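1. This is a predicted model, with the sequence first.
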Amino acid sequence: MTDAFARIAAIGVVPVIAIDSVDHALPLADALLEAGLPTAEITFRTQAAVDVLARLRDKRPELLIGAGTLLSPAQVRQAVEAGAAYGLAPGYDPAVVDAARQSGLPFIPGVMTPSDITLAVARGCRLMKFFPATAAGGPSMLKNIAAPFAHLGLSFIPTGGVKMETIDDWLALPEIAAVGGTWIATTRQMHEGDWSGIRNRASAAIARVKELRG
């Protein structure tokens, strides 16, 4: 397990952030850091993503920043150049996995089926994003599709529909490294300047993870 993956597992929560303004980067980082949640997935769903990553790299190096929704080798290279510590995708694409490996970027592909997991394992992946977690069947579904691979020591980050109210159900599974979710900081909340709310939600999530994991 890479250092980045070990840190993610130790934290237990990965906020999934669609941020469309570079001006929001530092207030977001400060809210998360003050809450004791030192990581975030900055998705490539917005044009601001690369600049946000670079700003965080330069100004808040203590934040473990991931680049999400990486759908092409070109985006992998952009993420690396902007300072991402790890990358993620909603699905499995061998070209993207290979680009990440060649770039030295710890990478977490998305999976939803046993076939997806099989392909990712064959490419050397051991930490995967289960997406869309809730729509795909929730904790029960992941438990069942992961069972045949238990001897390989795989870990998962369920993302997509995960909420504060369902953290308990996900973390009950030994295969879960961390939960990922958008509820901590939405684009609208950032535009409204709800930094205290973001900090409070992040703090509550971290506190719950610590309580569940002892």
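-> Now that the structure is in, tell me what you want to look at.
2. Using PDB, write down the CA coordinates of the helix of greatest length in the chain.
-> Longest helix in the chain, counting residues (DSSP state H): helix 195-213. What follows is helix 195-213, C-alpha atoms only, in PDB (Å, rounded to 0.1, in the frame of the first residue of the first chain):
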ATOM      1  CA  TRP A 195     -17.300  27.400   5.300                       C
ATOM      2  CA  SER A 196     -18.400  26.900   8.900                       C
ATOM      3  CA  GLY A 197     -21.000  24.400   7.700                       C
ATOM      4  CA  ILE A 198     -18.400  22.500   5.700                       C
ATOM      5  CA  ARG A 199     -16.100  22.500   8.700                       C
ATOM      6  CA  ASN A 200     -18.900  21.100  10.900                       C
ATOM      7  CA  ARG A 201     -19.900  18.400   8.500                       C
ATOM      8  CA  ALA A 202     -16.200  17.400   8.000                       C
ATOM      9  CA  SER A 203     -15.700  17.300  11.800                       C
ATOM     10  CA  ALA A 204     -18.800  15.200  12.300                       C
ATOM     11  CA  ALA A 205     -17.700  12.700   9.700                       C
ATOM     12  CA  ILE A 206     -14.200  12.300  11.200                       C
ATOM     13  CA  ALA A 207     -15.600  12.000  14.700                       C
ATOM     14  CA  ARG A 208     -18.000   9.300  13.600                       C
ATOM     15  CA  VAL A 209     -15.200   7.300  11.800                       C
ATOM     16  CA  LYS A 210     -13.000   7.500  14.900                       C
ATOM     17  CA  GLU A 211     -15.900   6.300  17.100                       C
ATOM     18  CA  LEU A 212     -16.700   3.400  14.800                       C
ATOM     19  CA  ARG A 213     -13.100   2.300  14.400                       C
END
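3. Buried ones in it, by neighbour count?
-> Neighbour counts over helix 195-213 (16 or more other C-beta atoms under 10 Å) mark 195, 198-199, 201-203, 205-206, 208-209 as buried. Using the backbone N, CA and C atoms, a C-beta is placed for each residue, glycine as well.
4. Include distance to K143 and pLDDT when you put those into TSV, please.
-> Putting the buried residues of helix 195-213 into TSV (distance: C-beta to C-beta, whole Å; pLDDT from 0 to 100) gives the following:
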residue	distance to K143	pLDDT
W195	36	98
I198	31	98
R199	33	98
R201	27	98
A202	27	98
S203	29	98
A205	22	98
I206	24	98
R208	20	98
V209	19	98
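5. from those residues, which is closest to G91?
-> Closest to G91 out of these is A205 (25.4 Å), distances taken as C-beta to C-beta.
6. What are the neighbouring residues in contact with the closest one?
-> A205 makes contact with 13, 37, 164, 167, 181, 184, according to C-beta atoms under 8 Å, 6 or more residues apart in numbering.
7. Against P94, how distant is the fourth one?
-> For I167, the distance to P94 under the criterion C-beta to C-beta, to the nearest Å works out to 32 Å.
8. Compare the two and say which one has the larger neighbour count.
-> Taking other C-beta atoms under 10 Å, I167 and P94 do not tie; I167 has more neighbours (22 against 12).
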